[in-house]
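Engineer: What follows is a predicted structure for the sequence shown.
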Amino acid sequence: MERLKHSLQLDTENNMSRDDYLPTDEDEQQAQEEAHKHHTIQEFAAIVMADGPAATLGQMPDDAKNEIRQLILHDYMQRLSSANSGL
């Protein structure tokens, strides 16, 4: 109980109210969007594992396929460069 009183006293001294701790509608919306995005990515991963990467990529728009290809090529080139620098 003393700890709670002390915490409330500190909050009052810092001009903080109960509302400073409550999430805003904006925070809640952002959290929902992030949760939806996470779920969508997990679903996409399940589709890749079930249907295979080639079949999944084949169903994607060209701009999305190109973004993924660029990322993979960039990663490959960095690993290749790193491996060759040790020679």
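Structural biologist: Yep, that arrived.
Engineer: for the helix or strand that contains Asp27, packing partners?
Structural biologist: For Asp27, the element it lies in under DSSP states H and E is helix 25-51. Helices and strands touching helix 25-51, by 3 or more CB pairs under 8 Å, 6 or more residues apart in numbering; DSSP states H and E, are helix 53-58. Every residue, glycine included, has its C-beta placed from N, CA and C.
Engineer: Point out where this protein drops to low pLDDT.
Structural biologist: Residues of the chain meeting the criterion pLDDT under 70: 1-23, 87.
Engineer: quick revisit: quick one: buried residues of the helix holding Asp27?
Structural biologist: In terms of neighbour count (16 or more other CB atoms under 10 Å), helix 25-51 has no buried residues at all.
Engineer: Tell me how far that helix lies from the chain's centre.
Structural biologist: Centroid displacement of helix 25-51 relative to its chain, using CA atoms, centre = their mean, to the nearest Å, is 9 Å.
Engineer: do stretch 60-80 as well
Structural biologist: 19 Å.
Engineer: can you check stretch 73-86 too?
Structural biologist: The answer for stretch 73-86 is 26 Å, by CA atoms, centre = their mean.
Engineer: Name all residues that make contact with Gln30.
Structural biologist: Contacts for Gln30 were tallied using CB atoms under 8 Å, 6 or more residues apart in numbering; there are none.
Engineer: And it, how far from Ile41?
Structural biologist: 16 Å (CB to CB, to the nearest Å).
Engineer: what does Ala54 give?
Structural biologist: Ala54 is 19 Å from Ile41, where distance means CB to CB.
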